[in-house]
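Colleague: Next input, structure requested:
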Amino acid sequence: MTSPLITVDELRTLEPVLLDVTWNLAGPPGRAAYDAGHLPGAYFVDLDTELAGPPGPGRHPLPDATTVTALVRRTGVSAETPVVVYDAANSLAAARAWWILRYFGVSDVRVLDGGLAAWRAAGGQLSTDVPADGDSDFTATLGHLPLVDAEGAAKVAESGVLLDARAPERFAGEVEPMDKVAGHIPGAVNTPMAALLTPDGHFKPTEDLATYFADHGVTPTTDLATYCGSGVTATHTALALEAVGIQTPVYIGSWSDWITDPTRPIATGSD
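Modeller: Numbers count the residues shown, from 1 in each chain. This next block holds a predicted model:
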C-alpha cells in the first residue's frame, strides 16, 4: 500500500499537482499566507468554501459535488492525477483536503508530511506566483471513502471503537471554545490529534502510530470510526490510521452535528 504521506525528498522526484490548504480555524484567512509565499506551482484551496458546505447542521459539512468538481477542474486534476496537499501548520487542513478529494473520486492524493515548514527546512524555495487555472473533465462523485452519520457513530461507540480526535479538555467537557454544548459521544475514546505528531509537526513513525492506536483498542478488524468538533481533525486521524494500513469511516458532522439533536446523549469526564 502506498503511504498517504510523502516526504520532501519524495516530492522532489515527482511532478504532482500541488494544493496549498493553509487555514486557521479562528483566522486570519489562509489566502494571505499563501500570497506571501507557497510551494512553486501550488494552487490555493479554501477549506471553508471549497472543502466544506455552508454550516448547518455541523460547522463543516460535506461540500456538494458541484463545488468539488469546480475545485478539481480549476487545478487541472483528473481522477488519477497525482496530487500532493500541504498546509502551513500541522497537516490538519491538508488532511481534510486529502479526505474530501479521495471521497469525491480523486484516487492519488498524498499529504506532504511536515507541510510548508518541512519544505523550508529542507531548503525549498517559495514563490508568490499564482498558477493559471487548469482544465479537466473530472466530475466529482460521492462515496469513494466510508463515512458514518450520527446514528452510525453511536453504533460504533457501542460495538466498536469511536475515536474522538479533540483535545482532552474538550473531550472531557471542561472547556468548549467552538460549540454550544460541551462533552463527547458516550462510549467514545479520546485520541487527541497532538498525540499523533512530533514536536516539529511531522506524523510520528508508523510503528509508533500503530502502537498508539493498538493501545486504544484499534485493530485492522475493529468496527471503527473517528470524529472531532466539526469533521476536520477527524480526517487527520483517518490519515494517520491509513498510514498504518487501517481505513476508517469519518463522522463528518462530528460533535457540532451531534449536539443539534437534544435527544442525543452527552457524556463528560475523561472516560
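Colleague: Might you list the low-confidence residue ranges for this protein?
Modeller: Within the chain, the segments meeting pLDDT under 70 span 1.
Colleague: residue ranges for the helices of it, please.
Modeller: Counting by DSSP state H, residue ranges of the helices within the chain are 8-11, 30-36, 47-50, 65-74, 92-103, 115-121, 150-159, 168-171, 206-215, 233-243, 254-258.
Colleague: what sits against Pro177?
Modeller: Residues counted as contacts of Pro177 (C-beta atoms under 8 Å, 6 or more residues apart in numbering) are Arg170. Every C-beta, even on glycine, is put in place using the N, C-alpha and C of the backbone.
Colleague: quick one, phi/psi of it?
Modeller: Note on Pro177: its backbone torsions stand at phi -80, psi -10 [degrees, to the nearest 10].
Colleague: distance of it from Gly58?
Modeller: 16 Å (C-beta to C-beta, to the nearest Å).
Colleague: Then Ala154?
Modeller: Here Ala154 is placed at a distance of 16 Å from Gly58 (C-beta to C-beta).
Colleague: So for the two, which sits in the more crowded spot?
Modeller: Each of Ala154 and Gly58 had its neighbours counted (other C-beta atoms under 10 Å), and the higher figure belongs to Gly58 (24 against 21).
Colleague: dump the residue contacts of the more buried one.
Modeller: Taking C-beta under 8 Å, 6+ apart as the contact definition, Gly58 lies against 230-231, 252-254, 256-257, 260.
Colleague: Show me just the buried residues among these.
Modeller: The neighbour-count criterion (16 or more other C-beta atoms under 10 Å) marks 230-231, 252-254, 256-257 among the contacts of Gly58 as buried.
Colleague: Run a quick neighbour tally on Ala121.
Modeller: Burial measure for Ala121: 11 neighbouring residues, criterion other C-beta under 10 Å.
Colleague: need the contact list for the closest residue to Leu196 other than its chain neighbours.
Modeller: Excluding the flanking residues, the one nearest Leu196 by C-beta to C-beta, 6 or more residues apart in numbering is Ala240, at 4.8 Å. When contacts are counted by C-beta under 8 Å, 6+ apart, Ala240 is found next to 196, 203, 209, 213.
Colleague: From Tyr43, how far off is the third one?
Modeller: The gap separating Leu209 from Tyr43 is 29 Å, by C-beta to C-beta.
Colleague: of the two, who's got more company?
Modeller: Set side by side, Leu209 and Tyr43 show unequal neighbour counts under other C-beta under 10 Å, the larger going to Tyr43 at 23 against 19.
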